[in-house]
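Predicted model follows, preceded by the sequence.
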Amino acid sequence: MFTSIRLRDFKSFDDAEFSLDSFTLLIGSNASGKSNVRDALRVLHGVGRGYSLGEILGEKWAEGGVRVWTGVRGGSRQTVRYGVEERTFQIDATFTVPRSAPARSPSTMHYRLTILVEDEAPEVAAEALWENGHYLFDTEPDGARLGPGAAHRSIKARVRSSGGHPPHKTFHTDRPILSQMLEPGVTNERNRAVARSAQQFLGSMRFLDLDPDSARRSSQRGITTLGDRGENLSSVLADISEEATGKDVLTSWIRALTPMDAVDLRFENDLNGNTLAVLIEGSGHETPLTSASDGTVRFLAMLAAMLHGASPRVLFFEELENGIHPHRVDLLLELIETSVRGSEAQVIATSHSPQLLEHGYSADDARPILIARGTDGTSSAWDIKNEQDMTSVIGQDDLSDLMSDGWFEDIVTLTGGDSAGEDR
């Protein structure tokens, strides 16, 4: 689970640091910078998938012209905050990773990546990974970039050793060092295991911007990965339903969440091996997924994302409440709580919903973060629970009214827009 993130000169952020919880809600007006937080997490996700920096910030194509990765919005040239002469940005993330032995406590990792974006391909300017307060690798303080080599530019980093002075290794700057640590002969097996654990965590994120039309389509039976837009929903639901326990949990949520009197779920298979989910109402009436409402389809996609046994540890939802009737937001929150408490999952979401904000403010394992953009165009991050200027007013007024009136953005302007991660 991510516990904190710091962004320096990344997109609209100057220097902002904030904590994250099991359920982290990013609120703020349009164009405040909420999606820039998503882009920062996407950079880390690309590191976890083992991509080069050019692919992480741009695109990755497989053989046959199939695009398998869409990078950061705007490409590499739009990643560095406007006006920064050094043309570098930095992302720091602290996260916990479960250890293989059940009796051992989770491992706390801190990963820092600084990327130089020039007219040529992006390069690693600095990078480090620390585990439980001990470095695994760390570049020299000045980056020690060695200039052009035989094929790529190079950078030196010290690598943890069992004793004596840490050996310095030379790495290519076109790819994250974290990925290169997994290559044979670079380091010992213990270091590789730690690097692999960190990479697997970063690579396990999913970014869901659900589109009901994409989710309604039939999908190939046996596919168990929900697409970012909700693709393959029927086959994922079918996989959950393979076991009686999974189907019981699924149908119980369907009864609670869907506006229709749905009591069961079945699947129609065609000759091509595709399957389509069909909702069965108490009266016996059947509604195929192709005819279900947008809200019902979005609920089903959220169920698939949170209940599937192979779901990733970190789920990022754009506009979580989109298409959900206000009367059913409480059920959505119950689903999220069940998901994060019953597993090691973490939900991060953008939202404009006062109901979600109220939950994030009052629940122990939830955290609302206000993302706001100041008059100078830079974004800041405010931990609403820990901002005394905010909590003193929230205790006397209604959160929904404050959000609707734009009070949160107003107080940021009045106090100068200091970030939650800065000394105040």
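Alright, I've got the coordinates.

For residue 132, which residues are in contact?
For residue 132, the contacting residues are 107, 108, by CB atoms under 8 Å, 6 or more residues apart in numbering. For the C-beta atoms, the positions are set from N, CA and C on the backbone; glycine is no exception.

i'd like the first residue to be 50 from this point on
Sounds good: first residue 50 from here, last item residue 181.

For residue 243, see how far away it is.
To residue 243, residue 181 is 10 Å away according to CB to CB, to the nearest Å.

Spit out the residues that contact these two alike.
The contact sets of residue 181 and residue 243 overlap at residue 156 (CB under 8 Å, 6+ apart).

so who does residue 373 touch?
344, 347, 348, 381.

Just the buried ones from the residues you listed?
Among the contacts of residue 373, the ones that count as buried by 16 or more other CB atoms under 10 Å are 344, 347, 348, 381.

Closest one of those to residue 318?
For these, the residue nearest residue 318 by CB to CB is residue 348; the value is 23.4 Å.

Apart from its neighbours in sequence, what residue is nearest the closest one?
residue 306 (4.5 Å; CB to CB, 6 or more residues apart in numbering).

The stretch 250-399 of the chain: strands as residue ranges?
255-257, 268-269, 311-318, 323-330, 335-337, 363-366, 395-400 (DSSP state E, counting those that start in this stretch).

Including mean pLDDT, mean neighbour count and distance to residue 206, could the ones you listed go into a markdown table?
Putting those into a markdown table (pLDDT from 0 to 100; neighbours: other CB atoms under 10 Å; distance: least, CB to CB, whole Å) gives the following:
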| stretch | mean pLDDT | mean neighbour count | distance to residue 206 |
| --- | --- | --- | --- |
| strand 255-257 | 91 | 18 | 29 |
| strand 268-269 | 94 | 18 | 43 |
| strand 311-318 | 89 | 16 | 51 |
| strand 323-330 | 93 | 20 | 49 |
| strand 335-337 | 93 | 15 | 55 |
| strand 363-366 | 92 | 24 | 26 |
| strand 395-400 | 93 | 23 | 29 |
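
just so I know, which of those strands lies nearest residue 177?
Once the strands of the stretch 250-399 of the chain are compared by CB to CB, strand 363-366 is nearest, at 21.1 Å.

re the thing from before, just curious, which of the buried ones among the contacts of residue 373 is nearest to residue 111?
Comparing these against residue 111 with CB to CB picks out residue 347 as the nearest, at 29.3 Å.

ok, that closest one to residue 156 distance?
35 Å.

Residue 253 now?
15 Å.

Check residue 331 too.
The spacing between residue 331 and residue 156, counted by CB to CB, is 49 Å.

Between the two, which is the more surrounded one?
Set residue 331 next to residue 156 and count neighbours by other CB atoms under 10 Å: residue 156 wins out with 16 against 11.

So which residues of the stretch 100-249 of the chain form strands?
Remark: strands assigned in the stretch 100-249 of the chain by DSSP E, counting those that start in this stretch are 108-111, 115-119, 137-146, 156-165, 172-180, 183-188, 194-197, 202-208, 217-221.
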